[in-house]
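K.L.:
Sequence first, predicted coordinates after that:
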Amino acid sequence: MLTNDKEYEKFSIDRFYKNYLNGPRLFKSRDALEPSYIPEDLPHRDNEIEQIASKTACALRGETPSNFLCYGMTGTGKTATIRFVSQKLANYASDCKPWWIYINCSIVSTPYRILAHIYNTIVKKDEIPPTGLPKDVIFKKLLGLLDNKVDNSICFLVLDEIDMIADKKNGNEILYDLTRLNENLDFCRTCLIGISNKLNFKENLDPRVISSLGEDHITFLTYDAKELGDILNERAKIAFYDDIIKEGVIPLCAALAAKEHGDARKALQLLRKAGEIAERTQNKHITGDHVKKAQDELERDHTIDYIKGMPLQAQVVLMSIYLISRFRQNKLTISGDVYEVHGELTSKIPGLRSLTRRRISDYINELCLAGIITAQKKSVGFHGNTKIIKLVVETKVLEGIFKESDKLRSFLNYKPIMIQNNKVRINKDVFRKLN
């Protein structure tokens with residue numbers, strides 16, 4: 001009997017952890033490579049630090065700074081610079097230290113939740129529930145809290161990703177309220193600082209809000225490869241033990257991140273991931289190969305892995321949506337069409353049965369939850385309801401996935417009969433599309 005020289009060895013988590021604990025230790029302070037870490041020095045941001053410092057310095061004398069905006073692409077150090085200045089400002093405030101409240105508008109985006117977040121941050125506990133109270137009640141409670149708790153100090157309200165609320169229907173409402181807080185306060189004074197990577201986000205705002213926000217702004221330029229290298233060198237001294245990083249590793253991380261519009265977060269993420277790979281594989285040093293492996297891991301599209309791991313029936317549903325979108329461009333894709341095309345495809349795949357409308361609807365919902373498509377319900381009058389479906393994943397990505405599938409590859413250029421006959425199905429009824 002023939003046997004493999006190297007038998008399959010099952011992964012042992014116990015052995016892995018033991019080897020890890022006995023292996024080389026590379027990290028001295030892993031957190032130093034996190035974007036949220038604020039070092040004692042911010043290389044290549046002197047100009048931006050000076051501008052923010054000059055705008056906020058009057059708070060040291062109890063005066064109210066004007067609202068201002070910070071623009072710049074992702075990873076240009078906008079939030080880090082503001083946090084850096086806030087720490088320095090606190091060191092020089094002898095009497096009334098300023099308050100700083102940060103709101104991530106990609107997470108906290110409704111007027112109610114923004115007001116509740118500010119209130120709960122000041123009292124340091126969740127006194128106001130996420131929902132339930134009238135907004136005007138929260139607003140009055142917040143005004144009282146600012147005057148009584150913050151008192152004669154300045155309260156800086158930092159809206160990170162402010163464009164996320166500016167684009168919403170009620171964005172004007174909350175921004176107007178926040179920029180006019182001082183008109184309703186007796187003692188406390190507030191200053192609003194907006195952070196955005198969209199230079200044109202104010203286009204959707206009411207003129208009154210634009211006027212209150214002011215025209216004062218600071219633009220953060222992208223880092224080049226040399227500047228990213230300087231940032232990484234400083235962070236590496238804090239993050240790793242001496243003589244851990246091989247020559248060329250930091251320039252490689254910097255060069256790769258510079259291609260991504262000078263994204264410092266990308267550079268830090270690459271270096272941290274490379275260190276984790278080296279440590280995980282029991283290496284005593286971080287090399288260029290570890291950086292390349294780190295880049296592969298970070299750039300791997302998890303959507304592709306998700307689609308490849310879906311059941312074949314779900315992939316056929318997605319293939320149906322893809323074919324309808326491809327051959328019926330600039331027309332709506334509805335759930336009835338998906339059901340019809342799915343039936344055509346399953347009849348051509350041996351061993352695959354057709355599904356009920358309900359089961360296909362379940363798969364559509366799952367694809368929607370995964371962010372692969374959007375599916376919006378719409379009433380079609382006498383004929384009931386249908387779903388308007390749109391692809392979120394790029395068609396080129398789907399084509400690449402389907403090309404690797406033995407059972408779906410042959411359908412990439414298949415034009416469904418329903419589309420050839422220019423028909424549409426709504427529930428059980430089939431109609432010919434009008435030109």
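P.N.:
Looks like it came in fine.
K.L.:
my read: Val316 touches Arg353, true?
P.N.:
No: with contact defined as C-beta atoms under 8 Å, Val316 does not reach Arg353; the gap is 10.8 Å. Where C-beta positions appear, they are placed from N, C-alpha and C, glycine not excepted.
K.L.:
anything in contact with each of the two?
P.N.:
Here Val316 and Arg353 have Thr346 as joint contacts, going by C-beta atoms under 8 Å, 6 or more residues apart in numbering.
K.L.:
Pick out whichever of these two has more residues nearby.
P.N.:
Per other C-beta atoms under 10 Å, whichever of Val316 and Arg353 has more neighbours is Val316, with 26 against 8.
K.L.:
what sits against the more buried one?
P.N.:
342, 345-346, 349, 352, 408.
K.L.:
possible to save those as JSON lines with distance to Leu192, pLDDT and neighbour count?
P.N.:
Formatted as JSON lines, the contacts of Val316 follow (distance: C-beta to C-beta, whole Å; pLDDT from 0 to 100; neighbours: other C-beta atoms under 10 Å):
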{"residue": "His342", "distance to Leu192": "51", "pLDDT": "94", "neighbour count": "26"}
{"residue": "Leu345", "distance to Leu192": "54", "pLDDT": "94", "neighbour count": "20"}
{"residue": "Thr346", "distance to Leu192": "57", "pLDDT": "93", "neighbour count": "17"}
{"residue": "Ile349", "distance to Leu192": "58", "pLDDT": "93", "neighbour count": "15"}
{"residue": "Leu352", "distance to Leu192": "58", "pLDDT": "91", "neighbour count": "15"}
{"residue": "Leu408", "distance to Leu192": "52", "pLDDT": "94", "neighbour count": "21"}
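K.L.:
Which single one of these is nearest to Ile82?
P.N.:
Leu408 (49.4 Å; C-beta to C-beta).
K.L.:
if I look at that closest one, how far off is Gln315?
P.N.:
Relative to Gln315, Leu408 is positioned 6 Å away (C-beta to C-beta, to the nearest Å).
K.L.:
Where does pLDDT dip in this protein?
P.N.:
Screening the chain residue by residue with the criterion pLDDT under 70, one finds the ranges 1-8, 379-384, 421-435.
K.L.:
redo that, cut-off 50
P.N.:
For the chain, the stretches with pLDDT under 50 are 1-6, 426-428, 434-435.
K.L.:
quick one, domains of it?
P.N.:
Per the record, the chain has its domains at 46-220, 224-300, 305-432, by automatic domain parsing.
K.L.:
Show me the strands in the stretch 251-400 of the chain, by range?
P.N.:
When assigned using DSSP state E, counting those that start in this stretch, the strands of the stretch 251-400 of the chain occupy the ranges 333-334, 373-379, 385-391.
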